[in-house]
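A.B. asks: no sequence on this one, just coordinates:
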């Protein structure tokens with residue numbers, strides 16, 4: 001197994017178009033508005049956004065107004081005018097910040113270093129990415145032999161002047177002769193799949209369209225790939241559209257032929273919302289198909305490759321045999337037994353911290369399963385891979401840090417734990433037939449080292465540094481990263497990492513950035529962030545990363561503790577983190593900024609509503625903010641496993657309690673106000689569509705921005721030619737954080753170090 005796959009996610013929107021007039025840079029409408037003038041004009045001159053009283057939804061007898069339903073149409077003139085008016089407000093405000101040039105230079109310095117990825121072996125060739133300096137995108141290189149000279153194979157930087165064409169998925173053929181790769185444009189999840197002759201460097205003529213997460217899988221003959229795609233959309237497919245993606249299918253494409261000639265292999269016409277992917281078993285005998293309608297569980301089917309091969313890959317929809325179809329847990333295929341009759345899976349079935357089981361093809365009933373590696377009562381099994389025929393590599397999470405081990409495949413017994421220090425194993429490359437494997441390690445204070453281990457000499461396991469990234473602008477010795485545990489509202493201990501300069505004065509004066517996520521079984525392990533370190537350097541600040549419930553840091557129980565009816569625990573955990581930082585003299589509420597993206601944007605939005613006095617500023621990036629309608633847009637339905645949907649009465653009653661859009665209220669305190677809020681989104685975000693951010697900021701400016709007590713700004717920044725964040729070019733990343741830090745300088749009066757380096 002190689003950790004090269006991208007997760008399956010979808011996204012789209014259905015919308016309503018309303019005509020709009022744009023007068024003198026301020027949105028105006030022919031429709032009567034109930035916008036009432038404030039006693040005191042808004043300090044920031046917020047746009048007068050039309051508030052439609054006519055849209056009312058009934059949820060189990062409860063009527064809910066949707067005042068900004070019209071913002072769900074990304075193509076209307078009215079929505080375009082809304083975007084212009086908001087950016088016309090926000091951009092000049094950010095550009096007035098003192099020290100913008102210093103901020104930019106610090107970010108450029110932190111990002112100006114060589115970045116490597118683990119090399120992937122195919123045949124005698126090794127493929128890897130390398131990004132030098134401030135290149136927008138990483139370049140693909142190939143080596144003949146592990147120590148061979150790096151030869152440039154594919155440079156995506158030449159495909160778009162602004163660097164917005166990114167490589168999102170790759171897989172070379174087993175013989176190393178053909179390089180399959182997927183390209184995304186402007187941050188969209190839509191990709192096109194291409195093929196390059198490695199020897200000549202020339203691309204094959206065909207291009208595969210209408211895919212988002214193709215899951216490229218080569219056949220053993222190296223003549224073609226299995227991949228996932230959608231039916232051809234009726235309209236555009238560039239990331240700005242809002243129609244839902246359904247009916248994913250798996251096809252086989254033969255190299256050198258047109259996409260129209262591809263063979264349909266798998267479809268589930270009765271389950272249009274299933275996302276599906278496939279993998280050929282390690283012995284080559286079976287095509288293993290995984291399907292899911294969410295992110296919590298999956299189904300596993302298989303079919304024999306023999307019939308597909310004998311038909312020269314023209315057998316339409318070969319019969320699938322069910323293997324694990326109770327939809328009761330996660331099952332990740334790892335390897336097969338020597339005789340091919342047993343498939344091994346990592347699963348949380350009956351094991352909240354995961355285990356490895358063996359499933360017989362001729363009898364997959366649970367009572368006949370074998371256990372290769374039992375569940376660890378404390379550590380969470382993150383992934384496993386097979387190397388050198390008989391070795392099992394396992395990676396555990398222990399108190400949020402990675403533990404890497406070499407074990408015997410025959411019985412799962414431990415051979416050796418590889419010392420990686422306090423860090424995270426970010427990526428891994430190596431296959432069952434390879435004696436050598438590679439892995440990367442990073443932490444909060446260093447960007448990454450790639451190690452190689454060769455098992456040709458039996459049990460002699462000696463990791464050697466293969467490549468190392470060094471950032472000249474960052475001195476690791478000047479900073480410290482510590483882990484603390486604090487108690488949440490219900491008494492649960494929550495881990496949190498705190499990063500700062502070593503000589504930080506604990507007097508409660510430090511600008512502090514608190515980051516969180518808390519969802520979808522995602523673990524926030526130690527990782528290098530050039531922007532967070534820039535925050536410390538520029539402002540003599542503190543960065544805290546809270547491992548709140550809803551994540552996967554402590555297995556299924558930790559995830560379950562922050563999802564569905566327990567979702568409030570995520571918010572309580574995050575608020576308790578803020579209280580800890582204030583109580584322990586790191587900062588004050590006025591100097592504390594909270595930040596989160598996607599599900600983390602929901603976290604920020606909910607916490608701002610619930611405890612507005614606890615934070616000085618809030619940065620909500622590409623957030624899920626309309627919890628009553630999120631499931632109606634693109635891949636939103638796949639998130640129901642974490643949130644529940646408003647279609648169910650019990651979940652509606654829970655969602656309405658914390659949905660950021662629906663819980664905006666003027667604070668009751670005499671001098672109470674909301675913190676400074678900056679919402680960010682991208683016009684090509686087809687993961688969490690921009691309407692969430694549009695509707696939230698419109699309601700926030702209407703209800704809070706008109707208050708005479710509200711002196712903190714409430715703004716949104718809509719980025720063009722940008723999506724959910726994946727594949728964002730370096731130049732755009734620098735601009736994004738120049739703007740975010742400028743907002744903090746303006747709103748919280750953070751002082752920028754003249755040199756961009758406080759220590």
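C.D. replies: Everything's here; your move. All figures in this text were calculated on a predicted structure; none of them were measured in a lab.

A.B. asks: so where is the stretch 451-600 of the chain shaky, pLDDT-wise?
C.D. replies: Residues of the stretch 451-600 of the chain that meet the criterion pLDDT under 70 are absent altogether.

A.B. asks: show me where it has helices.
C.D. replies: Here the stretch 451-600 of the chain has its helices, by DSSP state H, counting those that start in this stretch, at 530-539, 555-560, 568-583, 599-610.

A.B. asks: Among these, pick out the one with the most neighbours on average.
C.D. replies: Greatest average neighbour count among the helices of the stretch 451-600 of the chain goes to helix 599-610 (a mean of 27), per mean count of other C-beta atoms under 10 Å. To be clear about C-beta, it is placed using only N, CA and C from the backbone, and glycine gets the same treatment.

A.B. asks: any idea how far that one is from the chain center?
C.D. replies: Remark: helix 599-610 is offset 17 Å from the chain centroid, using C-alpha atoms, centre = their mean, to the nearest Å.

A.B. asks: From the contact counts, what lies against that helix?
C.D. replies: helix 568-583, strand 592-597, strand 617-621, helix 649-658, helix 691-703 (3 or more C-beta pairs under 8 Å, 6 or more residues apart in numbering; DSSP states H and E).

A.B. asks: Please repeat the previous calculation with a cut-off of 7 Å.
C.D. replies: Under the contact criterion of 3 or more C-beta pairs under 7 Å, 6 or more residues apart in numbering; DSSP states H and E, helix 599-610 touches helix 568-583, strand 592-597, strand 617-621.

A.B. asks: So which of those is nearest residue 310?
C.D. replies: Set against residue 310 and scored by C-beta to C-beta, the helices and strands packed on helix 599-610 come closest in strand 592-597, at 48.4 Å.

A.B. asks: Can you tell me what sits against that closest one?
C.D. replies: Strand 592-597 is touched from outside by 512-517, 578, 581-582, 603-604, 607, 615-622, 725, 744, with contacts defined as C-beta atoms under 7 Å, 6 or more residues apart in numbering.

A.B. asks: Return the list of strands paired to it, each annotated with direction.
C.D. replies: strand 512-515 (parallel), strand 617-621 (parallel) (DSSP bridges).

A.B. asks: Okay, buried residues for it please.
C.D. replies: Within strand 592-597, the residues scored as buried using 16 or more other C-beta atoms under 10 Å are 592-597.

A.B. asks: which one among those residues gets closest to residue 456?
C.D. replies: Closest to residue 456, out of all of the buried residues of strand 592-597 and judged by C-beta to C-beta, is residue 597, at 43.3 Å.

A.B. asks: Give the bridge partners for that closest one, please.
C.D. replies: residue 621.

A.B. asks: Residue 152 contacts residue 142, correct?
C.D. replies: No - taking C-beta atoms under 7 Å as the contact criterion, residue 152 and residue 142 are not neighbours in contact, 8.2 Å apart.

A.B. asks: any chance you could map the strands in the stretch 1-150 of the chain?
C.D. replies: 21-23, 26-28, 56-59, 62-65, 115-116, 120-122, 125-131, 139-144 (DSSP state E, counting those that start in this stretch).

A.B. asks: Quick one, which of those strands gets closest to residue 495.
C.D. replies: Closest approach to residue 495 among these (C-beta to C-beta): strand 115-116, 27.8 Å.

A.B. asks: List the strands paired with the closest one, with their directions.
C.D. replies: Sheet pairing for strand 115-116, assigned by DSSP bridges, gives strand 125-131 (antiparallel).

A.B. asks: got the buried residues for the partner strand?
C.D. replies: By neighbour count on 16+ other C-beta under 10 Å, the buried set for strand 125-131 is 125-131.

A.B. asks: And stretch 147-157, by the same measure?
C.D. replies: By neighbour count on 16+ other C-beta under 10 Å, the buried set for stretch 147-157 is 153-154, 156-157.

A.B. asks: Tell me which two of these sit farthest apart.
C.D. replies: So, the buried residues of stretch 147-157 by C-beta to C-beta: farthest apart are 153 and 157, at 13.3 Å.

A.B. asks: returning to what we had before: any chance of the helices and strands packed on helix 599-610 in JSON lines with distance to residue 61 as columns?
C.D. replies: Output for the helices and strands packed on helix 599-610, formatted as JSON lines (distance: least, C-beta to C-beta, whole Å):
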{"stretch": "helix 568-583", "distance to residue 61": "23"}
{"stretch": "strand 592-597", "distance to residue 61": "33"}
{"stretch": "strand 617-621", "distance to residue 61": "31"}
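
A.B. asks: wait, which of these is closest to residue 755?
C.D. replies: Going by C-beta to C-beta, the one of the helices and strands packed on helix 599-610 nearest residue 755 is strand 592-597, 22.1 Å.

A.B. asks: How far away from the center of its chain is that closest one?
C.D. replies: Distance of strand 592-597 from the chain centroid (C-alpha atoms, centre = their mean) equals 16 Å.

A.B. asks: Between helix 530-539 and it, find me the angle.
C.D. replies: Angle of strand 592-597 versus helix 530-539, following axes from the mean of the first three to the mean of the last three C-alpha atoms, to 10 degrees, is 160 degrees.

A.B. asks: and the angle from strand 592-597 to helix 599-610?
C.D. replies: Using the same axes, to 10 degrees: strand 592-597 against helix 599-610 is 140 degrees.

A.B. asks: which stretches of this protein have low pLDDT?
C.D. replies: Residues of the chain that meet the cut-off, pLDDT under 70, sit at 1-42, 235-244, 758-759.

A.B. asks: ok so, going back, let's have the helices of the stretch 451-600 of the chain in JSON lines, adding distance to residue 439.
C.D. replies: Output for the helices of the stretch 451-600 of the chain, formatted as JSON lines (distance: least, C-beta to C-beta, whole Å):
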{"stretch": "helix 530-539", "distance to residue 439": "22"}
{"stretch": "helix 555-560", "distance to residue 439": "22"}
{"stretch": "helix 568-583", "distance to residue 439": "30"}
{"stretch": "helix 599-610", "distance to residue 439": "27"}
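
A.B. asks: Select, out of these, the one closest to residue 363.
C.D. replies: With C-beta to C-beta as the criterion, residue 363 lies closest to helix 555-560 of the helices of the stretch 451-600 of the chain, at 26.5 Å.

A.B. asks: what comes into contact with that closest one?
C.D. replies: 348, 352-354, 380, 521, 549-552, 566.

A.B. asks: Can you check which of the strands of the stretch 1-150 of the chain gets nearest to residue 286?
C.D. replies: Ranking the strands of the stretch 1-150 of the chain by their distance to residue 286 (criterion: C-beta to C-beta) puts strand 120-122 first, at 21.4 Å.

A.B. asks: and the closest one, which strands flank it?
C.D. replies: Counting by DSSP bridges, the strands paired with strand 120-122 are strand 125-131 (antiparallel).

A.B. asks: count of neighbours near residue 489?
C.D. replies: For residue 489, the neighbour count with other C-beta atoms under 10 Å is 13.

A.B. asks: And residue 101, how far from residue 544?
C.D. replies: Residue 101 sits 28 Å away from residue 544, going by C-beta to C-beta, to the nearest Å.

A.B. asks: Among these two, which residue is more densely surrounded?
C.D. replies: A direct count of neighbours by other C-beta under 10 Å for residue 101 and residue 544 places residue 544 higher, at 24 against 11.

A.B. asks: Isn't that one up against residue 496?
C.D. replies: Yes - counting by C-beta under 7 Å, residue 544 touches residue 496, with 5.7 Å between them.
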